[in-house]
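Q: Predicted model and sequence below, questions to follow.
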Amino acid sequence: MSAKRKGITVSRQIMDDQLLHPQATGELTGLLNDLVVAGKIISAEVNMAGLADILGQSGRTNIQGEDVQKLDVFANQTIIRRMEQCGHVCVMASEEDDEIIQVLPGYEGNYAIAFDPLDGSTNIDVNVSIGTIFSIHKRISPSGQGSVEDLLQKGTQQVAAGYIIYGSSTVMVYTTGCGVHGFTLDPSVGEFFLSHPNIQVPVRSMYYSVNEAYADRWFDSTRNYINHLKRDGTGSGPYSLRYIGSLVADFHRNLIKGGVFLYTRDKTSGEKAEGKLRLLYEAAPLAMVVEQAGGRAITDDGRRILDIEPTSLHQRVPLIIGSKQDVDLAEKFLRGEM
Ligand code: AHM
Ligand code: MG
């Protein structure tokens, strides 16, 4: 990769990606570019968080006399507003909304988008990295407003996926199935520049990410795997724990540095019986990114995340994701081979 290429903008890269797909019409390019704009707006708001008192309750007023929204509400509305009138989307699903979201009449396009507008909600108020995760499918309904079926497609059918992380800098990572690229926002010019070309997740790591507070409730396979990593690792010494509690931030660190993230089922019944994370707008898009970067993503019974047929918008799924050899090893524990 030449030094010149390293400075290209995300919009230019998205157009270059389009050229790799001869059948492309430019619609996906337009959609992704609108998503980039949404990311910049949310990033600006996140960066103003302490100053504008935006972290207060919805309905309060900030120092400019404007209505204050919580950041997750703001992020959700920002993405919906961009997508509903961009002309390339036919239907949306958001973590914040129980039902599908329609686009403005007359603006129906050919894609369905599912998103978590601000993942890591418990970290919003405390200046810890949070992010937007997105998953895009081509519609399967014929025309007009899209339907839930356009969203309930397998991860393998995604045409693009990625995230924007609002951290020490704002970084957008995405794939259209031709590798994974990362772009860092230069706030002085308001542009994302290529900073992480052709990301490859290290094949094995020294880090595991899991909420160890739940260890007493884990099934034996999870407990034995984590104990093995703490004791022996994968041949290069004991692993260290890194857990932020924002999936997008834990994932991003593991993508760049190597690592394995787990949110598995546990023995308690109820909500956590399928883990906590959502298939459509958390697990599936990150699974596409990690596979494109050479890693793996499976459930805690060994199914490939991307092969799961969704049955509902907000379904949960147990997730083991990260460096290939780390996930391979987890799989051996799940199968009882270790
Ligand atoms: P959210 O989408 O409401 O933020 O919830 C999902 C988050 C993930 O970002 C993170 O991995 C997980 O919840 C942390 O959960 P826990 O506090 O149980 O470890
Ligand atoms: Mg989330």
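A: Received, thanks. Ligands and ions are numbered 1, 2, ... in the order given.

Q: Could you find the closest non-adjacent residue to the residue of the stretch 101-250 of the chain at minimum distance from ligand 2?
A: The nearest approach of the stretch 101-250 of the chain to ligand 2 comes at D119, 3.5 Å away (C-beta to the ion). C-betas here are computed from N, CA, C, even on glycine. Nearest in space to D119, with sequence neighbours left out and distances taken as C-beta to C-beta, 6 or more residues apart in numbering, is V248 at 4.6 Å.

Q: what about the one you found, distance to K267?
A: Per C-beta to C-beta, to the nearest Å, V248 is found 27 Å from K267.

Q: Give me the more crowded residue out of these two.
A: Between V248 and K267, counting by other C-beta atoms under 10 Å, V248 is the more crowded of the two (26 against 12).

Q: Downstream of the one helix or strand the more buried one maps to, the next helix or strand is which one?
A: For V248, the enclosing helix or strand under DSSP states H and E is helix 247-257. Later in the chain than helix 247-257, the nearest helix or strand by DSSP H and E is strand 260-263.

Q: Return the residues in contact with the residue lying closest to I199 once chain neighbours are set aside.
A: Spatial nearest neighbour of I199, chain neighbours left out: V180 (4.3 Å); criterion: C-beta to C-beta, 6+ apart. Neighbour list for V180: G162, V173, Y174, N198, I199, L255, V289, Q292, A293 [criterion: C-beta atoms under 8 Å, 6 or more residues apart in numbering].

Q: Number of residues surrounding the residue in the stretch 151-300 of the chain positioned nearest to ligand 2?
A: The stretch 151-300 of the chain approaches ligand 2 most closely through E282 (5.3 Å), counting by C-beta to the ion. E282 sits with 26 neighbouring residues when counted by other C-beta under 10 Å.

Q: residues contacting it?
A: E282 neighbours (C-beta under 8 Å, 6+ apart): E95, D116, D119, I133, L247, L319.

Q: Test my guess that the residue of the stretch 101-250 of the chain closest to ligand 2 contacts G245.
A: No - D119 lies out of contact with G245 (C-beta atoms under 8 Å); the separation is 10.4 Å.

Q: Now do the closest residue to ligand 1 within the stretch 51-200 of the chain against I136, distance only.
A: Proximity of the stretch 51-200 of the chain to ligand 1 (C-beta to the nearest ligand atom) peaks at S121, 3.7 Å away. Separation of S121 from I136 (C-beta to C-beta): 23 Å.

Q: Looking at these two now, which is surrounded by more residues?
A: Comparing S121 with I136 by neighbour count (other C-beta under 10 Å), the higher total belongs to I136, at 25 against 17.

Q: Need the three-state assignment for the nearest residue to the more buried one once chain neighbours are set aside.
A: Using C-beta to C-beta, 6+ apart and skipping the chain neighbours, the partner closest in space to I136 is A160 (4.4 Å). For A160, the assignment made with DSSP: H, G, I helix; E, B strand; the rest coil gives strand.

Q: follow-up on the earlier one: give me the subset of the contacts of E282 touching ligand 1.
A: Among the contacts of E282, the residues that sit close to ligand 1 (C-beta under 6 Å from any ligand atom) are E95, D116, D119, L247.

Q: closest to D301 among the residues you listed?
A: Distances from D301 to the ones next to ligand 1 among the contacts of E282, taken as C-beta to C-beta, are shortest for L247 (20.0 Å).
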